[in-house]
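Colleague: Give me coordinates for this.
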Amino acid sequence: MAELGRAALILTLGLSLYALVAGGVAAALGRRRLALSARNALVASFFSTLVATLVLVAGFLRDDFSLAYVAGHSSRALPLPYKISAFWGGQEGSLLLWLLVLTAYSALAVWLARKRARDLVVWVTPVLAGIAVGFSWLLVAVSSPFDTIPAAADGNGLNPSLQNPYMVAHPVFLYLGYVGLAVPFAFAMGALLS
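Modeller: Numbering: from 1, shown residues only. A predicted model of the protein is given here:
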């Protein structure tokens, strides 16, 4: 399963990079079909990030301690809500959650504004894609949640300070707010660039 998650993140990086480059070229040269292709790549990056997220969550739910991230942040005795929240209990999972929320917002923003602000979305796509390239590159090249180790009998468990009912929901809502600011930023940058 680690290979699927790693491949999905590499695909996200490739799609985001394509959306950045093709979207920038399309916006600068006024190429509508290329802009549509870049927008579709940005939308597709959400689905590849979703696959990577589901693979990591499945690793937590199945106690797959061959994943170093799962072994470091979960254990067999951990209750189900905390196994799910262990997903964002460390740097790698937290970055993946950030990328998931970012690509979801990006896909939703360019899809909803595709008819009302067509000329602006052409510039918004590469801005959002540029942010996604940064986070997906971190997950592929620097801090991958899909590094493997020889499978252990049990994991280290979640940090006790994170085993709190509020920590199950708090980071998700925090990221929804923080990452959501990328969309108005992208529209502001798109307006300035256009």
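
Colleague: mean confidence score for the longest helix along the chain?
Modeller: Secondary structure of the chain read by DSSP state H shows that its longest helix is helix 32-61. Average pLDDT, helix 32-61: 96.

Colleague: How far off centre is that helix?
Modeller: 8 Å (C-alpha atoms, centre = their mean, to the nearest Å).

Colleague: for that helix, packing partners?
Modeller: The elements that helix 32-61 packs onto, with contact taken as 3 or more C-beta pairs under 8 Å, 6 or more residues apart in numbering; DSSP states H and E, are helix 2-29, helix 68-73, helix 80-85, helix 91-112, helix 118-137. Glycine gets a C-beta too; all of them are placed from N, C-alpha and C.

Colleague: pLDDT weak spots in the chain?
Modeller: By pLDDT under 70, the chain contains no weakly predicted segment.

Colleague: List the buried residues of the longest helix of the chain.
Modeller: Neighbour counts over helix 32-61 (16 or more other C-beta atoms under 10 Å) mark 34-46, 48-49, 51-53, 55-57, 59-60 as buried.

Colleague: Over to stretch 160-176?
Modeller: For stretch 160-176, the buried set under the neighbour-count rule, 16+ other C-beta under 10 Å, comprises 162-163, 167, 171, 175.

Colleague: Can you pick out the most distant pair from those residues?
Modeller: The span of the buried residues of stretch 160-176, defined through C-beta to C-beta, is set by Gln163 and Tyr175 at 19.5 Å.

Colleague: Please enumerate residues in contact with stretch 94-108?
Modeller: Residues outside stretch 94-108 that contact it (C-beta atoms under 8 Å, 6 or more residues apart in numbering): 9, 12, 16, 42-43, 45-46, 49-50, 52-53, 56, 87-88, 128-129, 131-132, 135-136, 138-139, 143, 145, 171-172, 175-176, 179-180, 182-183, 186.

Colleague: what's the answer for stretch 166-174, then?
Modeller: Stretch 166-174 is contacted from outside by 81-82, 84-85, 88, 94, 97, using C-beta under 8 Å, 6+ apart.

Colleague: Need the residues you listed in CSV (columns: distance to Ala27).
Modeller: Converted to CSV, the contacts of stretch 166-174 look like this (distance: C-beta to C-beta, whole Å):
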residue, distance to Ala27
Pro81, 44
Tyr82, 45
Ile84, 39
Ser85, 40
Trp88, 34
Ser94, 32
Leu97, 29
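
Colleague: List buried members of those by neighbour count.
Modeller: By 16+ other C-beta under 10 Å, the contacts of stretch 166-174 give 82, 84-85, 88, 94, 97 as buried.

Colleague: Of these, which is the nearest to Ala153?
Modeller: Comparing the buried ones among the contacts of stretch 166-174 against Ala153 with C-beta to C-beta places Tyr82 closest, at 19.3 Å.
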